[in-house]
Structures are given as structure tokens and as C-alpha cells.
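>>> Sequence unavailable; structure follows:
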């Protein structure tokens, strides 16, 4: 009788130790985006399962045994896992299909089993699920291209679309790590092909580029920059020349306008006291002889003498009384 109690005590102690050990052990699982992952519980057929409770950052599912020969009953406890959870009939392993990136995290399964004596024991299993996407082909880009003393220097950068954690890069045949390298090439260098390999826990992919192509691109780029520089200088010189010619034309035009404005027109009007109209006497003195044919008619002189009938004298203009003179020379 005492021996029987001793065996029961040892069995309970073993169960407690297994439970304590399982709380500290975390199994890492690698999942592929869009595919399926399995959480192994390693439950033996001899173990009588009462229920299994799955939790992550949220509750996941509640599992109970089915009827004899039937599949376990699965109750999904969070909508994020609807239509994506399945449980194996043989060992109660949990499966999550159509994996998403947000499924990554710590999962805990509390397994409640009944012992021979009818005691319910709890065993905990912990899993760390990491979800990755398959890597596409990386792309090699070149930058900081320089050429000096027949040597070209090129910086190469390797990258993949949708960069994530746990992606590593390596270069062959250099054996360097990291996604950025700098190479130098001379005309006597061996023609090599540089290959970048991107890798994560579930996939790897590579891309290559030849050194000959890089240096050819460098020379072409330098020639292109030299041509653009010469074109820019020629355009600048032509612009300065055009502006100078326009300024000279404007200055010359302004000088011609200033010369044409030297002609002065003068109009002089002399006022006289107007005598009564009826007292005016107009005498016209004709020319004594005709002008010569060669003389310009514009040089003719007309003189008109007006005699004041009243015989009054103007003291203001200083001329004989009653006489007003109008001279018009054209």
C-alpha cells in the first residue's frame, strides 16, 4: 500500500517537473507567408486529453476531444483565425493555414490531461512563430562612379523588394558581407562577375553584374557629363553675346534720336493796340521788279504798312504814330 502511494507521488512529481520545464522551453517555428504551419504537441495516444487552450497575444482556440473515432472539436475564439485552424485527429497538433505577417508571435498551449487516478494535470507548450515571405530576385544598382588615372571606382548596392528583418547579403567572389561594396577596376584587372545573394530563413536569391559593364558605363557617364558641360558653356557664351549686341543697338538708336531732336522751332507773337476797323488804311507796296528765276520763292518779302487814320502815336512800341508793322519771313 505504501509502495502504491510512493508511485503516485513520483508520477505527480514528474508531471510537475515536465510542466515547469515546458514553461521555460520555447520552440521556434518558421512559417512562410500564405502557407501552412504546424504546432507539434507530441501528445501520446495513452494520454487522456480533457481539453487544450491556445492563446497568443489574443485567444486563439479551445480544443476538446471528439466522440470515439471522431475528430476533435475546435472552437475558434478570435475572428482573425476563422477558417484557418485545423487540429490533427491523432496527436492534437494545431495547424494554421494561409499565414499572415501579423501571425508572428508567441503561442502558448495549455494541455489538460487526466491521470490514471483521475487527477487533471496541465502541461504548457510555448512556440515562437516567425513568418517570412519568399525573397524575390535582388537588384544591383551602381552609384558614386568616378574615374582617375585609368582606374574606375564603383559603389554597388544590393536590395530586395519589401526589405524585412533577418535578410542577409553576401558577395562573390569577394566573400564580403553586407549589401554595399566598393570596387576598383584598371585596364589590367581580371574580368570578373560580381554576384549578390540575398537570404532569409526560408529562401535565397541572387543577381549578377560584370565589371566590364560597370567601367563601360562609367566611361560613358563621364563623356556624357563632359558633353553637357561644353554645351552649357556654349549656351552661356551665346546668351552673353546676344545681350551685348542688343545693348549696343539700343545705345546707337538713342544717339540717333538725340541728334534728330536738335531742330528748334520758335514762334513769336507781338501784340498791338487794335485801332477801329474803319480807320485802318492798308497800303500794299509791290516789288519793284520780279524776282530772278533762280531765286527761291520762299525768300520773298512781303511788307504791309498800316496807317492809322486818327494819327495816334503808340508810345509802347517806339514806332511812328499810326503805323503797325507785321513782318513774316518764310
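Structure's in. What do you need? Computed from a predicted structure; not experimentally measured. Numbers count the residues shown, from 1 in each chain.

>>> can you pull the pLDDT of the closest residue to residue 192 other than its chain neighbours?
Excluding the flanking residues, the one nearest residue 192 by C-beta to C-beta, 6 or more residues apart in numbering is residue 211, at 5.1 Å. Using the backbone N, CA and C atoms, a C-beta is placed for each residue, glycine as well. Model confidence at residue 211, given as pLDDT, is 77.

>>> Do I have it right that residue 211 meets residue 195?
No - using C-beta atoms under 8 Å, residue 211 makes no contact with residue 195, being 11.7 Å away.

>>> Please report phi then psi for residue 240.
phi -60, psi -40 (degrees, to the nearest 10).

>>> do you know how far it is from residue 231?
Going from residue 240 to residue 231 by C-beta to C-beta, to the nearest Å gives 15 Å.

>>> Look up how far residue 143 lies from the residue nearest to residue 192.
Residue 211 is 16 Å from residue 143, by C-beta to C-beta.

>>> The two: which has the busier surroundings?
Remark: of residue 211 and residue 143, residue 211 carries more neighbours, 18 against 9, as counted by other C-beta atoms under 10 Å.

>>> residues touching that one, list them.
Residue 211 makes contact with 183, 185, 189, 191, 192, 193, 194 under the criterion C-beta atoms under 8 Å, 6 or more residues apart in numbering.

>>> Among those, name the buried ones.
By neighbour count, with 16 or more other C-beta atoms under 10 Å, these hold 183, 185, 194 as buried.

>>> Pretty sure residue 236 sits in a strand.
No - judged by DSSP: H, G, I helix; E, B strand; the rest coil, residue 236 forms no part of a strand; its state is helix.

>>> So, low pLDDT: which residues of the stretch 201-330 of the chain?
216-228, 258-330 (pLDDT under 70).

>>> Pull up the distance across stretch 68-81, start to finish.
Stretch 68-81 has its terminal residues 27 Å apart, counting by C-alpha to C-alpha, to the nearest Å.

>>> can you check stretch 33-49 too?
For stretch 33-49, the first-to-last residue distance is 32 Å (C-alpha to C-alpha).

>>> Only the buried residues of it, if you could.
Buried residues in stretch 33-49, counted by 16+ other C-beta under 10 Å: 37, 39, 41, 43, 47, 49.

>>> residues touching residue 95, list them.
Counting by C-beta under 8 Å, 6+ apart, residue 95 has contacts 36, 37, 38, 39, 85, 86, 87, 88.

>>> The stretch 101-250 of the chain: strands as residue ranges?
105-114, 120-132, 139-148, 151-159, 168-172, 176-177, 180-185, 193-200, 203-210 (DSSP state E, counting those that start in this stretch).

>>> can you list contacts of stretch 157-167?
By C-beta under 8 Å, 6+ apart, stretch 157-167 touches 130, 132-133, 135-143, 169, 171, 179-180, 196, 198-201, 205, 207.

>>> Quick one: buried ones out of those?
130, 132-133, 135, 138, 140, 142, 169, 171, 179, 196, 198-200, 207.

>>> picking that back up, now the buried residues of stretch 33-49 as a markdown table including secondary structure, pLDDT and distance to residue 244?
Below are these laid out as a markdown table (DSSP: H, G, I helix; E, B strand; the rest coil; pLDDT from 0 to 100; distance: C-beta to C-beta, whole Å):
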| residue | secondary structure | pLDDT | distance to residue 244 |
| --- | --- | --- | --- |
| 37 | strand | 96 | 78 |
| 39 | strand | 96 | 84 |
| 41 | coil | 92 | 91 |
| 43 | coil | 87 | 96 |
| 47 | coil | 85 | 101 |
| 49 | strand | 90 | 98 |
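
>>> Max pairwise distance over those: which two?
Maximum pairwise distance in these, criterion C-beta to C-beta, is 23.4 Å, between 37 and 47.

>>> mind listing what's buried in stretch 108-128?
108, 109, 111, 113, 121, 123, 124, 125, 127.
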